[in-house]
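Participant: coordinates for the following, if possible.
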Amino acid sequence: MFVRISDLQIRDFAFHLEIKPGALALPGDPFAQEEPVRADGVVHYRVATREILVRGSLSTIVSYPCDRCLEAIRRPLQLAFNLAYLPEDASPTEDEREVGAGEIDLAFYQDDGLNLADVLREQILLDLPMRRVCEPACGRNPLPAQGEVAESRDPRWNALAGYRPKPDPTQD
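Facilitator: Numbering: from 1, shown residues only. Sure, this is the predicted structure:
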């Protein structure tokens, strides 16, 4: 859902969205949106500073595999956000600069407005853990121990089971 500045100059925009699973396009294979994203909030425009302010909350359930044991993890998300967007032409021109604490929730918009679906997708991705484990003490290994044959192993690999490369006589 795209919110235009021309509409925000007239009045604030209150939103109540329900986005179906798969519509937010979470990145690839590991992540899946299990339930609809339900989001409520308000979008406000400050004419003097050309800021778009987005305040709201969202809830959904996301699933992904554990990085250690590959078991599926279902994680409910309940997020509140308060974001500020400036026009892209207001972004600093310096290559590198220190970001202050007040600028952490600051981003930039292009053209004539803001896509709320992109805002919600970004908030979900920022809340997901970088190290995804089912429990802190998870130490299970999804691969079979050496010498143990995996039940689900592709039988075409059996031809290589006893293969050992011959030693190279030129290397000592």
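
Participant: hey, let's count contacts and neighbours off CA atoms from now on
Facilitator: OK.

Participant: listing partners with orientation, what would you give for the one helix or strand residue 14 maps to?
Facilitator: Per DSSP states H and E: residue 14 is located in strand 13-19. Looking at strand 13-19 with DSSP bridges, its partner strands are strand 37-46 (antiparallel).

Participant: helices and strands of this protein: which one has the lowest mean pLDDT?
Facilitator: Least confident helix or strand of the chain, by mean pLDDT, DSSP states H and E, is strand 106-109 with a mean of 71.

Participant: what sits up against whatever helix or strand comes next after it?
Facilitator: Remark: after strand 106-109, the chain's next helix or strand is strand 113-115, criterion DSSP H and E. Here strand 113-115 makes contact (Cα atoms under 8 Å, 6 or more residues apart in numbering) with 1-5.

Participant: so which of the residues you listed are in helices?
Facilitator: Among these, DSSP state H puts residue 5 in helices.

Participant: nearest to residue 14 among the contacts of strand 113-115?
Facilitator: Of all the contacts of strand 113-115, residue 3 has the smallest distance to residue 14: 10.4 Å, by Cα to Cα.

Participant: quick check: phi and psi on residue 88?
Facilitator: phi -60, psi -30 (degrees, to the nearest 10).

Participant: ugh, typo on my part, it should be residue 127
Facilitator: phi -90, psi -20.

Participant: just residue 122 next, same as before
Facilitator: phi -60, psi -40.

Participant: okay, helices next: where are they in this structure?
Facilitator: Under DSSP H, the chain gives helices at 5-8, 116-127.
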